[in-house]
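1. Give me a 3D structure for the following:
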Amino acid sequence: MSIAPSLTRQMARMAHSTDITTLGPEPREKAQLCLADFLSCIFEARDLPWSQQAKALATVLPKGCTILASPLQASAMDAAFANAVMAHGLVREDMHAASNSHHGVVVWSCLLALSEIVPVTGRQLLDAAILSYEAGARLGRVLFDKELARLFRPTGLTTPIGAALGAARLLGLTEDQTVSALALAANQAGGLNQWPHSGSSDMYFHPGFAARSAITAVRLAQGGAEASEHILEGEAGLFASFARRAAPNGIMLFPEGQADIMNVYHKPAPACNYAQTASQCALTLTQNQSIAAQDIIAISIRVSDAALHYPGCNAKGPFERALQAKMSIVFSTAAVLANGRITEDNYHQLDNPDIKRLIDVTDLQSTAGYTSAFPAKQGTSLSITLRNGNTLHMEQDDVVPASTDMVHERLLRSVTQTSGAATANAVLSMLDQLDTLENLNSLTALCRTR
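-> Residues are numbered from 1 along each chain as shown. From the prediction side, this is the model:
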């Protein structure tokens, strides 16, 4: 009787055998948009405190890997750490709801750093990224439920493994080396979800740890390090240790020729995934008619069970830091109703009396309909009662993602502010032609500042 290969070996074999071109052009186009979104977040978040703290850790080298939106170069691990932290700094990075994870901040940080160590074409980068998103997303789909997500950061558990698989392909690791790279990455998976309760900065550094861990794993495996092949399904493996249940028999990559990167969406608001749809409902109501915050006497928000119970999402304050506000569905909704807009500034009005009063009159609950539709859809309904007795209602069956034009506009604006319009247009033009780019160094060079 034959013994089924380990999950890590199954994934390694699929990574080596899959021809990404057979998936069609759409996954590559989506990956290019994800990279544009990633870069726009870095350029916009480059001066935030956690960004500065991450960059300060790097040992600067005269010639190394690029810390984006800066003049600095460092080791691959230091650059990946800093870039991942900056990309996560706005809480506006791309999102894969079914795995509860932000893959892009880790994947691009890892792969771009490695592309400055070995020659990499644009197509090779895109292929490795699509594979990384796929592995992390498919793993997260079967690993996470709301109880696990309440305790451990999904991004911290899924993305080191996903990024390691794509990086192994990028570096040309053998099947055995790839198995060890995945196992070493799984050993470094982690991240606790205490931060939403404290409002502290732990969250911003989780992707940095993950990106650095992925590079560490693949470089160790490349150098001959061997690790536990059954790290995912073993008696003390990832599923047993974190999920406290048996692993599935297989984790299929690209089932029926479908790439999971196509299920990634780009956030319109710089806030938690679960606050997006409610914020959009509030914005639609304020755009459709004039609503004064002082005229609202009651607010009812209905969401999925996953949204209600993710750490920090049902918080009503008091809020001491912007991150707590960004996690709160109630704060995000109240801020839009008070200000009539969705902007970064909303989350820096922690003492706004209108927002505080609206939070106090808000009732947030989950419904069976939205719960059963999740994660395929992230529906929300919003009802507000006015002093004159009228009730206004808005419902969306899913979040409306940031459009391609919005992602590109954010990239052009953020790079222009740092490096000028000519450089911004050059970066966008290069991203549009990434599939034919012979060497990634030209892109990373554009993303350095003087």
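2. Domain-wise, how is the chain divided?
-> When the chain is parsed with automatic domain parsing, its domains come out as 7-263, 273-396.
3. what about the first one, distance to the chain center?
-> To tie it back to what came earlier, the one meant is domain 7-263. Counting by CA atoms, centre = their mean, to the nearest Å, domain 7-263 is centred 10 Å from the centre of its parent chain.
4. Now do the contacts for the residue lying closest to residue 362 once chain neighbours are set aside.
-> Leaving out its chain neighbours, the residue that sits closest to residue 362 by CB to CB, 6 or more residues apart in numbering is residue 299, at 4.2 Å. The C-beta positions use only the backbone N, C-alpha and C, and glycine is treated the same way. Neighbour list for residue 299: 333-334, 337, 358, 361-363, 382-385 [criterion: CB atoms under 8 Å, 6 or more residues apart in numbering].
5. rerun at 10 Å
-> Residues near residue 299 by CB atoms under 10 Å, 6 or more residues apart in numbering: 278, 282, 330, 333-334, 337, 358-364, 382-385.
6. That one should be in a strand, yeah?
-> Yes. Assessed with DSSP: H, G, I helix; E, B strand; the rest coil, residue 299 lies in a strand.
7. For residue 379, see how far away it is.
-> Distance, residue 299 to residue 379, using CB to CB, to the nearest Å: 17 Å.
8. Let's test this: mean pLDDT of stretch 202-222, rounded?
-> Averaging pLDDT along stretch 202-222 gives 98.
9. ok, back up a step: out of the domains of the chain, flag the one nearest residue 436.
-> Relative to residue 436, the nearest member of those by CB to CB is domain 7-263, separated by 6.5 Å.
10. how about the strands in this protein?
-> 65-66, 73-74, 296-303, 362-366, 380-386, 391-396 (DSSP state E).
11. Of the ones you listed, which is nearest residue 266?
-> For residue 266, the closest of those is strand 391-396, at 16.4 Å, according to CB to CB.
12. Spatially nearest residue to residue 296 (excluding sequence neighbours)?
-> residue 384 (5.3 Å).
13. What is the neighbour count of the one you found?
-> Residue 384: 26 surrounding residues under other CB atoms under 10 Å.
14. if I pick it, what's in contact with it?
-> With contact set as CB under 10 Å, 6+ apart, residue 384 has these partners: 281-282, 285-286, 291, 295-301, 333, 337, 358, 361-362, 390-394.
15. ok, the residue nearest the centre of the chain - contacts?
-> Among the residues of the chain, residue 102 comes closest to the average C-alpha position under CA atoms, centre = their mean, at 2.0 Å. For residue 102, the contact set (CB under 10 Å, 6+ apart) comprises 84, 87-88, 91-96, 136, 153-155, 158-159, 206-207, 210, 264, 267, 273.
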